[in-house]
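Asker: what's the 3D shape of this:
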Amino acid sequence: MSSSSKMLSILDLFSVESPVWSSEAICSVIGCSAPTGYRYLRELVEAGLLARLGNGSYTLGPRVMTLDYQLRTVDPFFRIGQPLMRELSEQTGCDCVMTRIFDEEIVDTHRESTSGGWNLAYGRGRPRPLFKGAAPKVILATQTRARLARLFEKHAAEICEAGMGSTFDEFWRSMQRIRKAGHYVSRGELEAQMSSIGVPLFATGPQAIGALGLVAPLSRFEFMDQEKLLERLKATAEKISDAVAEQALIT
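Answerer: Numbering: from 1, shown residues only. Prediction:
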């Protein structure tokens, strides 16, 4: 690992569960000497990526917040999707969630709610399990066979635990069924009392770059007109995908 990669790996240590780290703990975890660790920390603080607390510990810095704002401002999926998601949430009474895939990370990037918001464990920026819930499955179902094979090689146990197959052929067939259906309904997979229905979001290619979903309590979802929900969800996802693709052609 290069010096810059090791320095940037410090940012990966900070999480909701561990928001504050001491310099000693950081040096121990990344495996560097105290002088080298202090140099890394000083550079990250100067860049605004970390902030030094009064007791000598560190937390994420203000630059992270400004980068998040910039990302939301320039992201075409957010700019185009936000008003459409708001409208869909108002129409259905469900939370509308946009999810994106970044390499092997599945992350919710935006959520619209007109119900006051269900108490969901996952929200913007918190990585989600790669193989549980509607969003990851509709995204993965559109990926190439080669990419799915690489995922299976790395995550065979997780895929089997998620009920998606104990062999690659079984995994591939389960993905093809979802791809053919064009949607997936999750019942209590990610959170025990919640259900969701998801469809893929596309940019300019055949592989989905994200998903759009409707989320509601399982007890309520079972009494809703799921065909109508799916119809509205697909229409909104197509509007977002088409508008983003059109913008990409213009620019």
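Asker: can you give me the strands in the protein?
Answerer: Ranges of strands in the chain, per DSSP state E, are 21-22, 50-52, 57-60, 95-102, 105-112, 127-128, 184-187, 194-201, 210-217.
Asker: which of those has the lowest average pLDDT?
Answerer: Per-stretch mean pLDDT for these is lowest at strand 127-128 (a mean of 80).
Asker: how far out from the middle of the chain is that one?
Answerer: Taking CA atoms, centre = their mean, to the nearest Å, the mean C-alpha location of strand 127-128 is offset from the chain mean by 5 Å.
Asker: name every strand pairing with that strand and say which way it goes.
Answerer: Using DSSP bridges, the strands paired with strand 127-128 are strand 105-112 (antiparallel).
Asker: can you add mean neighbour count and distance to Ala149 and give the strands of the chain back as TSV?
Answerer: (C-beta placed from N, C-alpha, C; glycine too.) Compiled in TSV, the strands of the chain are given as follows (neighbours: other CB atoms under 10 Å; distance: least, CB to CB, whole Å):
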stretch	mean neighbour count	distance to Ala149
strand 21-22	16	37
strand 50-52	18	38
strand 57-60	17	36
strand 95-102	23	17
strand 105-112	19	19
strand 127-128	16	22
strand 184-187	19	21
strand 194-201	25	20
strand 210-217	26	21
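Asker: could you dump the ones you listed to a markdown table with distance to Glu238?
Answerer: Putting these into a markdown table (distance: least, CB to CB, whole Å) gives the following:
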| stretch | distance to Glu238 |
| --- | --- |
| strand 21-22 | 44 |
| strand 50-52 | 42 |
| strand 57-60 | 37 |
| strand 95-102 | 14 |
| strand 105-112 | 17 |
| strand 127-128 | 24 |
| strand 184-187 | 17 |
| strand 194-201 | 9 |
| strand 210-217 | 10 |
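Asker: would you mark the buried spots in stretch 142-155?
Answerer: 142-143, 148, 151-152, 155 (16 or more other CB atoms under 10 Å).
Asker: going by distance to Glu90, which of the residues you listed wins?
Answerer: Thr142 (28.4 Å; CB to CB).
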